[in-house]
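>>> All I have is the shape, not the residue letters:
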């Protein structure tokens, strides 16, 4: 979409405006002033505009004139900046440059989704991290924006590396908080988020490196925290929690027993072997089954209805699967990524030998999504729509041997999904399970749905 074509949409009234720079050439480099002026004109005629989304701007992040055009749109409630980072010192701006009164913000959701960067080469141990130049520019600009929206924002997503530098602001209405990317290099105090955001209900901390004991200890320093402590009170109010690398937090998980969680996710981030994932080269170590079992033995959350996990198969496989319904007796939705990196054939560490009958003990389980890591799956071709004999054989194997087996073994199931890998993306193949245990194929769903 060029600046000229933007002017042509004045007659339309959208609730979402999405600017994908990957399809626009170099307009953000060559014509940012013209673009900003035309966006102001467009937004002023879009009475129903609620969401602005800037995507894939590799050359520069949003500049002051663009941000002013966005933030002065009366009906706007959501601003999302996706893979469009500030990189250079000349991109730094101040609150004065935005020329916005603090009370002008009505944003309820602000997203700056740049979890990783390409500041360091792929072979470097620091791959995905920010260098000092980019980090300081991002932190300065985010400090300006977040200070403007902190009183109104209800959902906030920022890079994990920078998050704790922004934690000292008050967030009186914040209910959903997401940190993605590498952890800060220094000891962290995640408890600040409960002090500054008393209404938090959903917390998602997705990092590829382990939390260490020091980083989590400020949240739970001992077993005798009084129930009126802000951290304990904040934990008990949580409804959804994601911790992608949860080792070293045994006391933390013991306290979760007192929470009212509905959703808990322990999936690795980024998940390995996902085709089409933007940051698939960032290394993330998947927990072993024994490590996940250790965590589950520490918790019993009666209110939990959705659980997501990833693990490497080891000798504790059956014990881990058997523990799930004990830890979460009301579980209705389960997503499992079960990796078997040493297997060369589908029969090695075969999921059919343990999973169906074990998961049948979860008597309320209605929706089951599984990544079973088949070593012999067809690779790098769209086997779902391929006429080759190998592709047809594999799909028949999935439906008749895997999906059908689970559908009959777990009588409460209503839907069942298997992760499949195609030429350009990884998708869920989903079947509806009828009352007679028949299978009705549904539309494929990307594992990472579009924003």
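Great, that's in hand. Model, not experiment: these values are computed from the prediction.
>>> same question for the longest helix along the chain, mean pLDDT?
Scanning the chain for the longest helix, with DSSP state H as the assignment, gives helix 132-149. Confidence for helix 132-149, expressed as mean pLDDT, is 94.
>>> Show residues contacting that helix.
Identification of contacts with helix 132-149 by CB atoms under 8 Å, 6 or more residues apart in numbering yields 61, 67, 71, 85-89, 91-95, 98, 100, 102, 104-105, 107, 110, 112, 114, 117, 119, 130, 153, 156, 158-159, 161-162, 165-166, 169. To be clear about C-beta, it is placed using only N, CA and C from the backbone, and glycine gets the same treatment.
>>> Spit out the contact partners of residue 429.
Residue 429 makes contact with 384, 398, 417, 418, 419, 420, 441, 444, according to CB under 8 Å, 6+ apart.
>>> just so I have it, where are all the strands in the stretch 1-150 of the chain?
For the stretch 1-150 of the chain, the strands defined by DSSP state E, counting those that start in this stretch occupy 16-20, 51-55, 78-82, 109-113.
>>> do you know which of the ones you listed lies nearest residue 357?
Between residue 357 and the strands of the stretch 1-150 of the chain, the tightest spacing by CB to CB is seen for strand 109-113, at 40.6 Å.
>>> buried sites along the longest helix of the chain?
134-135, 137-139, 141-146, 148-149 (16 or more other CB atoms under 10 Å).
>>> now swap in stretch 166-182 and tell me
Buried positions in stretch 166-182, judged by neighbour count with 16+ other CB under 10 Å: 166, 167, 171, 174, 175, 176, 177, 178, 179, 180, 181, 182.
>>> Next, format these as TSV and append secondary structure and pLDDT.
Shown next, in TSV, are the buried residues of stretch 166-182 (DSSP: H, G, I helix; E, B strand; the rest coil; pLDDT from 0 to 100):
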residue	secondary structure	pLDDT
166	helix	89
167	coil	84
171	coil	94
174	coil	96
175	coil	96
176	strand	97
177	strand	95
178	strand	95
179	strand	92
180	strand	93
181	coil	92
182	coil	89
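>>> closest to residue 426 among these?
Nearest to residue 426 out of these is residue 180 (CB to CB; 18.7 Å).
>>> For the closest one, name its beta-bridge partners.
residue 159, residue 206 (DSSP bridges).
>>> wait, what's in contact with residue 357?
With contacts taken as CB under 8 Å, 6+ apart, residue 357 has the following neighbours: residue 409.
>>> tell me the SS of it?
Following DSSP: H, G, I helix; E, B strand; the rest coil, residue 357 is assigned to helix.
>>> For residue 281, see how far away it is.
Computed as CB to CB, to the nearest Å, the residue 357 to residue 281 distance reads 38 Å.
>>> Relative to its centre, which residue of the chain is most distant?
Here the chain has its C-alpha centre computed as a mean, and the residue farthest from that point, by CA atoms, centre = their mean, is residue 389 with 36.4 Å.
>>> Could you point out which residue ranges in the stretch 301-450 of the chain have low pLDDT?
Low-confidence segments of the stretch 301-450 of the chain, defined by pLDDT under 70, span residues 342-349, 375-388, 390, 423, 449-450.
>>> ranking the strands of the stretch 1-150 of the chain by mean pLDDT, which is last?
Mean pLDDT per stretch puts strand 16-20 lowest among the strands of the stretch 1-150 of the chain, at a mean of 86.
>>> Neighbouring strands - and their directions - for that one?
According to DSSP bridges, strand 16-20 forms sheet pairs with strand 51-55 (parallel).
>>> and for the strand it pairs with, what are the contacting residues?
With CB under 8 Å, 6+ apart, strand 51-55 has contacts from 15-22, 62, 66, 70, 73, 76-84, 451.
>>> Give me the buried stretch members for that strand, please.
Neighbour-count burial for strand 51-55 [16+ other CB under 10 Å]: 51, 52, 53, 54, 55.
>>> cool, stretch 233-250 as well?
By neighbour count with 16+ other CB under 10 Å, stretch 233-250 contains the buried residues 234, 235, 238, 239, 241, 242, 243, 244, 245, 246, 247, 249.
>>> Backbone dihedrals for the first one, both of them.
Read that as residue 234. phi -60, psi -40 (degrees, to the nearest 10).
>>> give the contact list for it.
With contacts defined as CB under 8 Å, 6+ apart, residue 234 is in contact with 193, 194, 195, 197, 198, 200.
>>> pLDDT at it, what is it?
The pLDDT attached to residue 234 in the predicted structure is 76.
>>> on that earlier part again, now the strands of the stretch 1-150 of the chain as a markdown table including distance to residue 337?
Supplementary listing: these in a markdown table, determined by distance: least, CB to CB, whole Å:
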| stretch | distance to residue 337 |
| --- | --- |
| strand 16-20 | 29 |
| strand 51-55 | 27 |
| strand 78-82 | 24 |
| strand 109-113 | 22 |
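>>> quick one, helices of the stretch 151-300 of the chain?
For the stretch 151-300 of the chain, helices defined by DSSP state H, counting those that start in this stretch occupy the ranges 160-163, 192-196, 213-216, 230-237, 250-256, 289-296.
>>> worst average pLDDT in those helices?
The stretch with the lowest mean pLDDT among the helices of the stretch 151-300 of the chain is helix 213-216, which comes in at a mean of 41.
>>> so who does the residue lying closest to residue 287 once chain neighbours are set aside touch?
Leaving aside its chain neighbours, residue 287 sits nearest to residue 311 (5.3 Å; criterion: CB to CB, 6 or more residues apart in numbering). Contacts for residue 311 were tallied using CB under 8 Å, 6+ apart; they are 286, 287, 288, 289, 291, 292, 320, 337, 338, 339.
>>> Of these, just say which sits nearest to residue 424.
Of the contacts of residue 311, the one sitting nearest to residue 424 (CB to CB) turns out to be residue 337, at 20.0 Å.
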